[in-house]
Structures are given as structure tokens and as C-alpha cells.
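S.K.: Next one to model:
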Amino acid sequence: RGRVLILTDRIELLHQAASTLGKAGIQTGILSAGMKHIPRQRVVVAMVETYYRRLKKGWSLPDLKLIIIDEAHKGNFRKVIDLHTDTPIIGATATPIASSKFEPLKHYFDDIVVGTQIHLLIESGYLSRPRYFAIPIEITAKKGSDGEYKASELFSDFDKPALYNGCVANWQQHALGKKTLVFCVNIAHTIQTANAFGAVHDQVRYVTSDTPIDERQATLLWFSQTNDAILVNCGILTTGFDEPTVECILLNRATRSLPLYLQMCGRGSRTTAAKREFVII
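M.R.: Residues are numbered from 1 along each chain as shown. Sure, this is the predicted structure:
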């Protein structure tokens with residue numbers, strides 16, 4: 001017997017993991033910024049940055065026997081792995097492709113357990129079937145040192161009245177009335193896109209890294225409870241966001257990253273009793 005640590009990098013995923021474990025009858029402690037004591041539960045869920053800062057100050061979780069990393073393809077977990085060379089670590093991800101080509105997952109994990117393929121999960125009814133519509137857009141943005149498009153140049157490509165109007169028009173054509181999650185390039189693009197949708201639809205909100213935690217949580221609750229809601233974001237709801245009622249994913253951005261693309265599309269793939277299909281634009 002020992003203790004298990006689950007690490008994530010999003011506050012929403014932190015509480016989501018604790019809630020899911022609680023529903024399964026597993027008592028779970030939460031380690032978050034500002035806490036002065038060590039959680040006593042055998043299973044502890046923590047933010048990776050919070051846990052890392054504690055480690056650097058000499059703090060430790062007694063009797064730790066296993067670490068589980070959520071979204072293990074992300075690079076921000078590597079520093080924790082480096083400090084736990086004697087502790088078994090499981091990395092969980094739906095997209096087992098490292099965020100950096102210079103730090104492949106094989107440098108940190110010894111083996112891979114390949115799960116059921118996406119098309120089989122769709123055929124078995126565990127994931128929704130996508131209907132997708134591709135809109136041609138000229139991309140002039142150059143590739144950065146990380147392999148992704150340079151954000152400032154990508155914003156220039158998308159920050160055009162014709163594209164804001166086209167984004168809304170394509171949604172009206174292919175997903176009118178559907179609960180929609182929109183992904184954008186940066187904060188300015190997110191706000192502009194939300195404004196464009198707000199001109200034709202009443203139920204529109206956005207979240208960014210500048211959104212206060214309380215407001216962000218209230219917005220996610222609103223999104224969950226509002227049938228025809230449109231939620232616009234950049235970089236907040238990309239990984240692990242679990243809202244099965246999403247009916248449309250609108251990619252108002254380009255990416256060279258396969259993991260990022262799959263993660264964004266995956267936010268619409270959850271099923272419900274009434275949903276077996278979703279739209280990707």
C-alpha cells in the first residue's frame with residue numbers, strides 16, 4: 001500500500017479528476033496553490049507547477065508509490081519526471097506525440113500501451129462520429145522554432161473582417177443552434193471572434209488566460225447548461241475539457257501540430273444519450 005499522485009496542468013482538469021475519482025468512491029485530496037498542509041488522502045491530485053515548486057523547496061509526499069501524469073505529451077511535466085527517477089510513472093494521453101520533437105516521449109517512458117483506435121471507438125459507440133467541413137484559407141505564417149506557426153503571423157492571417165464574417169456564416173450554414181466550442185489564435189482574436197458571433201447570437205461568451213478563475217468556472221457552468229451556447233477560447237479548453245454536450249467544434253485557427261489538432265477536435269467527440277454525431281468546421 002502506498003500513495004498515488006495524479007498531476008495535471010489545468011485547474012479545470014484538477015477538479016474534474018477529483019470529482020471523477022470521488023464518484024468512483026475513491027477519497028481524493030487536492031494540492032493547490034496556497035495550501036499549507038499535505039493532503040492526508042492516499043490519492044492526491046495536484047497542479048504540476050504547484051507540485052514542482054513544493055519539490056524545489058524540499059517538500060515531499062510521504063510513501064509515494066505511483067505518479068500518473070494527465071496529458072503526458074506536454075513538455076511541462078518533464079521537470080517532474082526528472083526528479084522522480086525511482087518512482088513508477090504512468091503517462092496518460094490520447095495523443096502520444098510529444099509537444100517537442102527534440103524531447104520525444106521515448107526519452108521519458110519505457111514502453112507504450114496502445115489503446116483502441118479512434119475509428120473503432122466510433123464504430124462501437126464510445127465516441128461520436130464527426131461530420132466535417134473544410135474552408136480553404138490562405139496561410140502565410142511561417143514555421144517557428146517549435147515547429148508551430150508563429151502566433152503573431154497567424155493572427156495577421158486570421159484578423160480580417162472577411163474571415164470573421166465567414167466564420168459566423170459557415171457556423172450558420174453548418175451548425176446553427178448547435179452548442180459550439182471555438183478555438184482561436186490568441187486573446188485578441190478570441191475577443192474579436194466572440195464579438196462577431198455576438199452580433200448574430202445571444203448566447204456567446206469567451207475565456208482566455210486573462211479570465212479570472214471564478215469567472216472562468218461560472219462561464220463553463222453556463223456553457224454546460226445552455227443548449228445553444230457558443231464558447232470562444234484560445235489555449236484554455238484544448239486538452240481534457242470534458243463537456244459531452246458540445247455539438248460543434250469550430251477551428252478558427254490553423255496548426256501544424258497533429259496533437260493539438262486531435263485534442264481540439266476531441267472536445268466534441270464525447271457521446272450522450274441523445275448525441276452520436278458532431279460537426280467540425
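S.K.: switch to C-alpha atoms for all contacts and neighbour counts from now on
M.R.: Noted.
S.K.: who's in contact with Ile69?
M.R.: Contacts for Ile69 (CA atoms under 8 Å, 6 or more residues apart in numbering) come out as Ile6, Leu7, Thr8, Phe77, Ile89, Ile90, Gly91, Ala92.
S.K.: Helix, strand, or coil at the second one?
M.R.: So that's Leu7. Classification of Leu7 using DSSP: H, G, I helix; E, B strand; the rest coil returns strand.
S.K.: Strands of the stretch 51-200 of the chain, residue ranges please.
M.R.: Remark: strands assigned in the stretch 51-200 of the chain by DSSP state E, counting those that start in this stretch are 64-70, 89-92, 129-132, 180-183.
S.K.: Low-confidence bits of the chain, can you list those?
M.R.: Within the chain, the stretches falling below the threshold (pLDDT under 70) are 99.
S.K.: what about the helices in it?
M.R.: Under the criterion DSSP state H, the chain contains helices at 11-23, 48-56, 78-82, 118-123, 151-158, 161-174, 187-198, 213-225, 258-266.
S.K.: Between the ones you listed, which one is closest to Glu138.
M.R.: Among those, the nearest to Glu138 by CA to CA is helix 151-158 (7.5 Å).
S.K.: And that closest one, what's buried?
M.R.: Buried positions in helix 151-158, judged by neighbour count with 16 or more other CA atoms under 10 Å: Ala151, Glu153, Leu154, Phe155, Asp157, Phe158.
S.K.: if I look at the spatially closest residue to the second one that is not a sequence neighbour, how far off is Ile69?
M.R.: Setting aside the residues directly before and after it, Glu153 is nearest to Ala141 in space (CA to CA, 6 or more residues apart in numbering), at 4.8 Å. With the distance defined as CA to CA, to the nearest Å, Ala141 ends up 33 Å from Ile69.
S.K.: The residue nearest to Glu153 contacts Glu148, correct?
M.R.: No - using CA atoms under 8 Å as the test, Ala141 is too far from Glu148 to be in contact (9.6 Å).
S.K.: Once you drop chain neighbours, what's closest to the most centrally placed residue in the chain?
M.R.: Nearest to the geometric centre of the chain sits Thr239, at 1.5 Å (CA atoms, centre = their mean). In this structure, Thr239 finds its nearest non-sequential neighbour in Gln263, 5.7 Å apart by CA to CA, 6+ apart.
S.K.: can you put the contacts of Ile69 in TSV and add distance to Gln27?
M.R.: Formatted as TSV, the contacts of Ile69 follow (distance: CA to CA, whole Å):
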residue	distance to Gln27
Ile6	13
Leu7	16
Thr8	18
Phe77	24
Ile89	21
Ile90	20
Gly91	22
Ala92	21
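S.K.: Please tell me which one of the residues you listed counts the most neighbours.
M.R.: The residue in these with the most neighbours, by other CA atoms under 10 Å, is Leu7 (27 neighbours).
S.K.: Pick the most deeply packed of the strands of the stretch 51-200 of the chain.
M.R.: For those, the largest average neighbour count (mean count of other CA atoms under 10 Å) is found in strand 180-183, namely a mean of 25.
S.K.: tell me the contacts of Ala194?
M.R.: Contacts of Ala194 by CA under 8 Å, 6+ apart are Val204, Arg205, Tyr206, Leu231, Val232.
S.K.: mind listing which of the residues you listed are in strands?
M.R.: Val204, Arg205, Tyr206, Leu231, Val232 (DSSP state E).
S.K.: any idea how far Pro259 is from the fourth one?
M.R.: Pointing back at Leu231 there. From Leu231 to Pro259 the distance is 21 Å (CA to CA).
S.K.: and Gly268, what does it touch?
M.R.: Ser128, Glu243, Pro244, Thr245, Val246, Glu247, Cys248, Ile249, Phe278, Val279.
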